[in-house]
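Asks: Below are the sequence and a predicted model; questions follow.
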Amino acid sequence: MKWLLALLVCLITLPATAEESASLFTATLTGLDDKPVALAQWQGKPLIVNFWARWCGPCRTEIPELIKLRRDNKSKGMEVLGIAIEDQTEPVRDFAKAYEMDYPILLAKDQGFALMKALGNTKMGLPFTVAIDRRGKVVVVKMGAMKAEELAAAARAVLP
């Protein structure tokens with residue numbers, strides 16, 4: 001029961017509109033191949049979007065949990081997106097390979113802080129995770145590292 005209460009305190013449920021995610025789906029970021037990637041391709045899919053950086057210790061800690069979350073839920077149609085608050089592709093590509101990050105990784109470059117702010121992160125802290133359901137509704141936001149049970153709850157919130 002304590003873990004459930006802690007989980008409810010950590011997760012914030014937002015209003016039932018898709019407006020919060022609109023800026024995300026209109027953005028075009030940079031892929032690890034240094035080519036533009038339109039986030040619109042993920043609109044209509046259940047998503048866990050994780051903003052992170054290589055230098056962020058808590059970000060590194062939750063990467064294995066994000067990998068597992070994707071593996072456990074990909075067959076259900078859910079995707080995990082990693083958005084690096086970084087400017088240089090090569091170091092992020094090397095980092096993603098070293099950490100065996102098998103989910104899509106995009107570089108935010110100069111758009112990162114604006115996207116995080118639009119999604120509710122006014123303090124610009126990392127890591128920052130947002131769960132978005134099929135309708136584009138932001139159903140969970142959290143600044144700070146998420147534990148496995150928090151990520152599982154976020155996945156349940158976006159999946160039918």
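Replies: Perfect, thanks for sending it. These numbers come from a predicted model, not from an experiment.
Asks: Look up how far residue 144 lies from the spatially most central residue of the chain.
Replies: Compute the mean C-alpha point of the chain, and by CA atoms, centre = their mean the closest residue is residue 49, 1.7 Å away. Noted for residue 49: a distance of 15 Å to residue 144, by CB to CB, to the nearest Å. From N, CA and C alone the C-beta is placed, and that goes for glycine too.
Asks: ok, now residue 129?
Replies: When distance is defined by CB to CB, residue 129 is 9 Å away from residue 144.
Asks: ok, now residue 128?
Replies: Applying CB to CB to residue 128 and residue 144 gives a distance of 8 Å.
Asks: repeat for residue 151
Replies: For residue 151 relative to residue 144 (CB to CB), the value is 12 Å.
Asks: which one of those two has more residues nearby?
Replies: More neighbours surround residue 151 than the other of residue 151 and residue 144, with 26 against 13 (other CB atoms under 10 Å).
Asks: my guess is the more buried one meets residue 64, correct?
Replies: No. Using CB atoms under 8 Å, residue 151 makes no contact with residue 64, being 10.8 Å away.
Asks: Please enumerate the strands of this protein.
Replies: 28-31, 36-38, 47-52, 79-84, 105-107, 128-132, 138-143 (DSSP state E).
Asks: Just put those strands in TSV and tack on distance to residue 59.
Replies: Output for the strands of the chain, formatted as TSV (distance: least, CB to CB, whole Å):
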stretch	distance to residue 59
strand 28-31	17
strand 36-38	20
strand 47-52	4
strand 79-84	9
strand 105-107	12
strand 128-132	9
strand 138-143	12
